[in-house]
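*Asks:* When you get a sec, could you give me coordinates for this:
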Amino acid sequence: MSLQIGINADSGTINGNLLVLDSMLREFQAAGFSHVEIPVHGLDCIINGNLALPCLEKVKRILEKYPFSYTVHAPDALNLEDASNPEVHAAALRATIDFATEIRAGIVVYHGSWIEGPAHRVSTGYADASDRKSVLELWGKEIERLGEIADFARQRGVTVAVENIFRQGTGEKTYRIDPRQLVAVISAVNSPAVGICFDFGHAFISANEGGFSIEEALRAVLPHLVHVHIHDNFGRVSGQNLRPIDTIFQGTGDLHLVPGWGSIPYPRLFPEFAPSYKGVLMMEIQPRFKDFYPAAIAWMTRMIEALPKEAVQ
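*Replies:* Below is the predicted model of the structure:
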């Protein structure tokens, strides 16, 4: 595989301030990254489901100053199953795809959908065809909507990568916690314009809580893998709405640590996906650890160099 190492531009840190975006990009260039994931929601480039053209032009002028290739992250709260305004959410995903086209990005990451409801613990995948059938029946509307998005994205040369997420609370139903259920939905969409973004940190938390192995989850997504998010944690859930400074010292939650700082078994996982993966090795590191960007790149380089030679051709 080619060595394409990327980093996310954190949406909360930018918070609509394009001077912060510009400063981030300078830091990324100095560290040696080749790719950057741009959070469209952190830039205020989508308002009420529509692409805000004046903002888009300002962002493009900044991005064009740098030699990076880009991917795009859709708004975290975007939900095609939204009960109140699903049409606005669908329009926002289309606007995100148009934004990606404007900055010549080929990947748009989408966090997937959820249904608010009574307390619900999502099952750990499906053991047989009947369980798979129930997943598809529950998410029929999602599959249809993703199919429509796939047609839109294909016409623009963009691939939508639906990301696995760890449990956000007990009051939601979703297919995105267990990557094997995500595979069932993406398989049903059956479009080259919709694949999977495998987030290793999210999968590690979900696997430990749900009783399946991260290796099993990774192998399941491989036929649909188009993008990855790489960061680290200790595989333990935390309370809701806690600040990083309240969770880091405990080693709980979605910490977005520098890879190698946590417990994710990356030396076992890289040989599972790297030989066939052609995309960007996109790291998502909490900006508080930005002084360690060069160390993260060095770690990634060592991981690739440790693979069998035939795997990196």
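
*Asks:* worst-scoring helix or strand of the chain, pLDDT-wise?
*Replies:* When the helices and strands of the chain are compared on mean pLDDT, DSSP states H and E, helix 129-138 comes out lowest with a mean of 73.

*Asks:* Convert the C-alpha atoms of it to PDB, please.
*Replies:* Provided in PDB are the C-alpha atoms of helix 129-138 (Å, rounded to 0.1, in the frame of the first residue of the first chain):
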ATOM      1  CA  ALA A 129     -29.800 -15.200   8.300                       C
ATOM      2  CA  SER A 130     -33.000 -14.500  10.300                       C
ATOM      3  CA  ASP A 131     -31.200 -12.000  12.500                       C
ATOM      4  CA  ARG A 132     -29.700 -10.300   9.400                       C
ATOM      5  CA  LYS A 133     -33.200 -10.200   7.900                       C
ATOM      6  CA  SER A 134     -34.500  -8.300  11.000                       C
ATOM      7  CA  VAL A 135     -31.700  -5.800  10.700                       C
ATOM      8  CA  LEU A 136     -32.600  -5.100   7.100                       C
ATOM      9  CA  GLU A 137     -36.300  -4.900   7.900                       C
ATOM     10  CA  LEU A 138     -35.700  -2.300  10.700                       C
END
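
*Asks:* That helix: which residues count as buried?
*Replies:* Neighbour counts over helix 129-138 (16 or more other Cβ atoms under 10 Å) mark Arg132, Val135, Leu136 as buried. From N, CA and C alone the C-beta is placed, and that goes for glycine too.

*Asks:* same question, stretch 271-291
*Replies:* Under the neighbour-count criterion of 16+ other Cβ under 10 Å, stretch 271-291 has 273-274, 277, 279-287, 289-290 buried.

*Asks:* Phe289 is in contact with Gly260, isn't it?
*Replies:* No: here Phe289 does not reach Gly260: they are 11.6 Å apart, not a contact under Cβ atoms under 8 Å.

*Asks:* Glu81 - how many residues pack around it?
*Replies:* Burial of Glu81 is recorded as 18 neighbouring residues (other Cβ atoms under 10 Å).

*Asks:* cool, and Glu27?
*Replies:* For Glu27, the number of neighbouring residues by other Cβ under 10 Å comes to 15.

*Asks:* Can you give me the distance of it to Asn17?
*Replies:* 15 Å (Cβ to Cβ, to the nearest Å).

*Asks:* quick one on the thing from earlier: which among the buried residues of helix 129-138 gets closest to Ser191?
*Replies:* Leu136 (15.5 Å; Cβ to Cβ).

*Asks:* Ramachandran angles for Gly211?
*Replies:* Phi and psi for Gly211, reported as degrees, to the nearest 10, are phi 80, psi 20.

*Asks:* Could you tell me which residues make contact with Lys141?
*Replies:* Counting by Cβ atoms under 8 Å, 6 or more residues apart in numbering, Lys141 touches Glu81.

*Asks:* all numbers from here: first residue = 297
*Replies:* Yes, from this point I'll number from 297; that puts the last item at Lys437.

*Asks:* Next one, pLDDT for it please.
*Replies:* As summarised for this prediction, Lys437 has a pLDDT of 92.

*Asks:* rewinding a little: include pLDDT, secondary structure and distance to Val517 when you put the buried residues of stretch 567-587 into JSON lines, please.
*Replies:* Below are these laid out as JSON lines (pLDDT from 0 to 100; DSSP: H, G, I helix; E, B strand; the rest coil; distance: Cβ to Cβ, whole Å):
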{"residue": "Phe569", "pLDDT": "96", "secondary structure": "helix", "distance to Val517": "9"}
{"residue": "Ala570", "pLDDT": "93", "secondary structure": "coil", "distance to Val517": "14"}
{"residue": "Tyr573", "pLDDT": "95", "secondary structure": "coil", "distance to Val517": "11"}
{"residue": "Gly575", "pLDDT": "96", "secondary structure": "coil", "distance to Val517": "13"}
{"residue": "Val576", "pLDDT": "98", "secondary structure": "coil", "distance to Val517": "16"}
{"residue": "Leu577", "pLDDT": "98", "secondary structure": "strand", "distance to Val517": "16"}
{"residue": "Met578", "pLDDT": "98", "secondary structure": "strand", "distance to Val517": "15"}
{"residue": "Met579", "pLDDT": "98", "secondary structure": "strand", "distance to Val517": "18"}
{"residue": "Glu580", "pLDDT": "98", "secondary structure": "coil", "distance to Val517": "17"}
{"residue": "Ile581", "pLDDT": "98", "secondary structure": "coil", "distance to Val517": "22"}
{"residue": "Gln582", "pLDDT": "96", "secondary structure": "coil", "distance to Val517": "24"}
{"residue": "Pro583", "pLDDT": "97", "secondary structure": "helix", "distance to Val517": "27"}
{"residue": "Phe585", "pLDDT": "97", "secondary structure": "helix", "distance to Val517": "27"}
{"residue": "Lys586", "pLDDT": "97", "secondary structure": "helix", "distance to Val517": "29"}
